[in-house]
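Colleague: structure of the sequence below:
(3 chains)
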Amino acid sequence: MQQIFNEIKIKTKGQGLYDFTNQTTSWLNKQKINNGILNINILHTSASLVIQENADPDVLYDLKNFFDKLAPMDNKLYKHTTEGKDDMPAHIKSALTNNQISLSIKDKELLLGTWQGLYLFEHRLESHTRTLIHHYIGD
Amino acid sequence: MQQIFNEIKIKTKGQGLYDFTNQTTSWLNKQKINNGILNINILHTSASLVIQENADPDVLYDLKNFFDKLAPMDNKLYKHTTEGKDDMPAHIKSALTNNQISLSIKDKELLLGTWQGLYLFEHRLESHTRTLIHHYIGD
Amino acid sequence: MQQIFNEIKIKTKGQGLYDFTNQTTSWLNKQKINNGILNINILHTSASLVIQENADPDVLYDLKNFFDKLAPMDNKLYKHTTEGKDDMPAHIKSALTNNQISLSIKDKELLLGTWQGLYLFEHRLESHTRTLIHHYIGD
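Modeller: This next block holds a predicted model:
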């Protein structure tokens, strides 16, 4: 059994979905691995992870728009307002999606569907540098 | 350490929750395993995975109904409409639930609660054949 | 490779978020482990798991409040009403959050962000004793 850790930094420029599939697979391709699990964690509670369609950019637009309507940036709705009108909605959107994803690797290949991409979902209005842990466990 | 992969196909007949607990446990029972993790991934972004109550079918009805109201099949709400009125809501419902679940196996037994079942949540109106990866890692 | 299992019981007193980070880390600190994955499962479908901000208690209040509005305790909305007005909303809230979280451990340390805490999200009105499985796999 071997384990490999890698910290990936992603710079975001406000709300939206950022595709990091290539960063993950290009890192994996450099490792001497065969079969195992890749556990990806985002170390924040105002940005999250989703696996989504990688074909039509309109899907990403509609996703962002849906979550904005579901958890509006309106201070009157929340007690937690000290960090800005976008912060509490960001925590809610994070709870509704994922902080963590476990993916399988078989014969050196990440098992994703044809139309699946890995996305960081930034929920804050300002630019941020987000930290993602990549942890491989396998042989 | 051993790892075993298995691809399961599930045929769906429109929207709803499909219990695949028996498919998972009957496959596990045929393997020579003891303790480990079972990582289940669905390779689609318009169907998803949930662990839900396996007792009252009304729970499954209400779940489907809740998500339909939350993300209505109304083309006026979305930019991504080329794949049908049910496609963008399907991506949203997928983002709100899970693409992936990691379960624990102890002494050959899948650790689920008494009332927990494994469900594929189909979000499209038409019939589909859905692919689920079962990946066991353990001893 | 070694695997360690531990069952944690958490007593809840009605709806809300219960921080169990210390229970997890104090258990981990007693184990002779180095690097691995900690898979946490909750064996219920009316309570769930979330990773959320551990700084401002108002975040927890707003989260509970958001989910209560999203899935109201109103029997007219649901077919499944036999277990009380809070039961079907509890199943919905569970589907919208997580039954399971996989965390990474590196050099004996649980990899969480500075502001991340582990929470049990109780969705029922009455007190309950909830069972969480902690399953460590690593070296």
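Colleague: for residue A:52, which three-state class applies?
Modeller: What DSSP: H, G, I helix; E, B strand; the rest coil gives for residue A:52 is strand.
Colleague: isn't it right up against residue A:63?
Modeller: Yes: contact criterion C-beta atoms under 8 Å: residue A:52 and residue A:63 qualify, at 6.7 Å. Quick note: C-beta positions are derived from backbone N, CA and C, even for glycine.
Colleague: spatially nearest residue to the residue of chain A found nearest chain B (excluding sequence neighbours)?
Modeller: Closest to chain B within chain A is residue A:113: 3.3 Å, counting by C-beta to the nearest C-beta. Spatial nearest neighbour of residue A:113, excluding adjacent residues (C-beta to C-beta, 6 or more residues apart in numbering or on different chains): residue B:43 at 3.3 Å.
Colleague: tally of neighbours for that neighbour?
Modeller: For residue B:43, the number of neighbouring residues by other C-beta atoms under 10 Å in any protein chain shown comes to 18.
Colleague: okay, residue A:78: pLDDT?
Modeller: Residue A:78 is assigned 98 on the pLDDT scale.
Colleague: tell me which residues touch it, please.
Modeller: A:88, A:89, C:58, C:62 (C-beta atoms under 8 Å, 6 or more residues apart in numbering or on different chains).
Colleague: quick check: it vs residue A:118, distance?
Modeller: 30 Å (C-beta to C-beta, to the nearest Å).
Colleague: quick check: angle from the top helix by length along chain A to helix B:57-70?
Modeller: Ranked by residue count, the top helix of chain A under DSSP state H comes out as helix A:57-70. Taking axes from the mean of the first three to the mean of the last three C-alpha atoms, to 10 degrees, one finds helix A:57-70 and helix B:57-70 inclined to each other by 100 degrees.
Colleague: so which elements touch helix A:57-70?
Modeller: Counting contacts by 3 or more C-beta pairs under 8 Å, 6 or more residues apart in numbering or on different chains; DSSP states H and E, helix A:57-70 packs against strand A:16-19, strand A:47-53, helix A:87-96, strand A:116-122, helix B:87-96.
Colleague: hmm, 7 Å instead?
Modeller: Packing partners of helix A:57-70 (3 or more C-beta pairs under 7 Å, 6 or more residues apart in numbering or on different chains; DSSP states H and E): strand A:16-19, strand A:47-53, helix B:87-96.
Colleague: go through it and flag the buried ones.
Modeller: Residues of helix A:57-70 classed as buried by neighbour count (16 or more other C-beta atoms under 10 Å in any protein chain shown): A:59, A:60, A:62, A:63, A:64, A:66, A:67, A:70.
Colleague: what of stretch A:75-92?
Modeller: In stretch A:75-92, counting by 16+ other C-beta under 10 Å, buried: A:77, A:78, A:80, A:83, A:86, A:87, A:88, A:89, A:90, A:91, A:92.
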